[in-house]
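Asker: would you be able to build a 3D model of this:
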Amino acid sequence: MIVSHGVPRKVILHAPKNGFFFVIDRTNGKFISAKNFVDVNWATDYDANGRPIEVPAARGDEAYDSIPGPYGAHNWHPMSFNPQTGLVYLPAQGVPLNLTPEKNLTHNEVAPGKFASAAGWNVGFMLNATPPKAPAFGRLLAWDPVKQKEAWRAEYVAPWNGGTLTTAGNLVFQGTADGRFIAYNATTGEKLWESPTGTGVVAAASTYLIDGVQYVSVAVGWGGIFGIAVRATELQSPGTVYTFALNGKAALPTFVKYQTEGLLEGVKYDPKDVPEGTAIYVAACAQCHGVPGVDKGGNIKNLGYVSTETIANLKDFVFKGPFRDQGMPDFTGKLKEEDIVKIQAFIQGTADAIRPKETPSTGQDKQ
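Answerer: Numbering: from 1, shown residues only. Below is the predicted model of the structure:
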């Protein structure tokens, strides 16, 4: 229940991926208002009938920066509403991407150089290598759904931060992509407390009472579509449930540093295969594994930091491989064995290209 134009209204509050915060009458589905809670470039506003006022470029044929991008201005991470403050606490983000509409989309077409085409990318837009001009961001927004206006915000170092929990004690809890669990003053946004979590947090917390003691629990673990290949912490840990209470004294678990040492070496390849291998890698591997040795990797390993044996025997992982039950596609019928040789060349060739070069000795160190 909120008060709109002096009249109490039973409403639905919704902040979808498109960047606009919607207030809808839940008794009859009628549109009340919509306002962008992040910058958007596909529409200028919504009209009185609840239809977007689109800009021409949103349905054009040219490459453009999609803001918000396919990851959404708000993804599935839960938001929360506090009836005492009248505010919604919203995990907002921006992951702009440069896209080109595919007017002649061929379903499940496998095309070297076409992003993720061998893995089923069928969204009708080409993801371009051109970097977007707008920066990525992540933030916690306290949003007033009556005024359709931001009340306060907390900025983070990366997108894909966890869902929110707000309590009757005027608190907001949220986990972050960079491995923290934070409590804020729900009215002012002042940070009151935080704890390290060892890895990024995606889920929302919950609170409950047992024998008169209030607990706050949060499932900590990094993943989701953004977390597959990207992360914002140097630490990793298995999925863990953390439970906090006032005056709690239990020690935090041991955190483990993410492996970014031991850059791949020793896989034999022909440098002439690298260009074709690059295009095949873009079509089959880049969406989950990133650029070998360049990207950090997320909850899936970057292939620049796996064992020599793994890449040398890559076809055993690509065709009816052991990780199919964990979500890795089977590329049987989509790639050929000679394609795998070229992917190997790209992976090892990229690792060799970025490997730090030893500084030549001047001989002075012997004097």
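Asker: and residue 280, what element?
Answerer: Assigned by DSSP states H and E, residue 280 falls within helix 274-284.
Asker: buried set for that helix?
Answerer: Within helix 274-284, the residues that qualify as buried are 274, 276-284, counting by 16 or more other C-beta atoms under 10 Å. C-beta: built from backbone N, CA, C; applies to glycine.
Asker: now the helices for the stretch 101-250 of the chain?
Answerer: Counting by DSSP state H, counting those that start in this stretch, one finds helices in the stretch 101-250 of the chain at the ranges 224-227.
Asker: quick one: the strands in it?
Answerer: Per DSSP state E, counting those that start in this stretch, the stretch 101-250 of the chain carries strands over the ranges 125-127, 137-144, 149-156, 164-167, 171-175, 180-185, 191-196, 206-210, 213-220, 235-236, 240-244.
Asker: max-length helix in this protein?
Answerer: Ranked by residue count, the top helix of the chain under DSSP state H comes out as helix 337-354.
Asker: in PDB, list the C-alpha atoms belonging to stretch 249-256.
Answerer: The C-alpha coordinates for stretch 249-256 follow below in PDB (Å, rounded to 0.1, in the frame of the first residue of the first chain):
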ATOM      1  CA  LYS A 249      32.000 -14.800  18.400                       C
ATOM      2  CA  ALA A 250      32.500 -17.600  15.800                       C
ATOM      3  CA  ALA A 251      35.500 -17.300  13.500                       C
ATOM      4  CA  LEU A 252      35.100 -16.700   9.800                       C
ATOM      5  CA  PRO A 253      36.200 -19.600   7.600                       C
ATOM      6  CA  THR A 254      39.600 -19.500   5.900                       C
ATOM      7  CA  PHE A 255      39.600 -17.700   2.600                       C
ATOM      8  CA  VAL A 256      41.500 -19.000  -0.400                       C
END
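Asker: in that stretch, what's buried?
Answerer: By neighbour count on 16+ other C-beta under 10 Å, the buried set for stretch 249-256 is residue 255.
Asker: about what we covered before: what's next to the longest helix of the chain, contact-wise?
Answerer: 263-265, 267, 269-271, 273-274, 276-278, 280-281, 284-285, 291-294, 303-304, 311-312, 314-315, 318 (C-beta atoms under 8 Å, 6 or more residues apart in numbering).
Asker: neighbours of residue 341, how many?
Answerer: 18 (other C-beta atoms under 10 Å).
Asker: before we move on, the earlier item: so the longest helix of the chain versus helix 274-284, what angle?
Answerer: Per axes from the mean of the first three to the mean of the last three C-alpha atoms, to 10 degrees, the angle that helix 337-354 makes with helix 274-284 is 110 degrees.
Asker: since we're on the residue nearest to residue 183 when sequence neighbours are not counted, how many residues are nearby?
Answerer: Nearest residue to residue 183, sequence neighbours excluded (C-beta to C-beta, 6 or more residues apart in numbering): residue 193, at 4.4 Å. Residue 193 has 11 neighbours, counted by other C-beta under 10 Å.
Asker: can you check residue 14 too?
Answerer: When neighbours are counted by other C-beta under 10 Å, residue 14 registers 14.
Asker: now it: how far from residue 42?
Answerer: For residue 14, the distance to residue 42 equals 17 Å [C-beta to C-beta, to the nearest Å].
Asker: wait, what's in contact with the residue most central in space within the chain?
Answerer: Per C-alpha atoms, centre = their mean, the C-alpha nearest to the average position across the chain is that of residue 226, at 2.6 Å. By C-beta under 8 Å, 6+ apart, the contact list for residue 226 reads 71, 75, 95, 159-160, 298.
Asker: out of the residues you listed, flag the one nearest to residue 88.
Answerer: residue 75 (15.6 Å; C-beta to C-beta).
Asker: for the closest one, what are phi and psi?
Answerer: Residue 75 adopts backbone torsions of phi -100, psi -140, taken as degrees, to the nearest 10.
Asker: so it versus residue 32, what's the distance?
Answerer: Distance, residue 75 to residue 32, using C-beta to C-beta: 24 Å.
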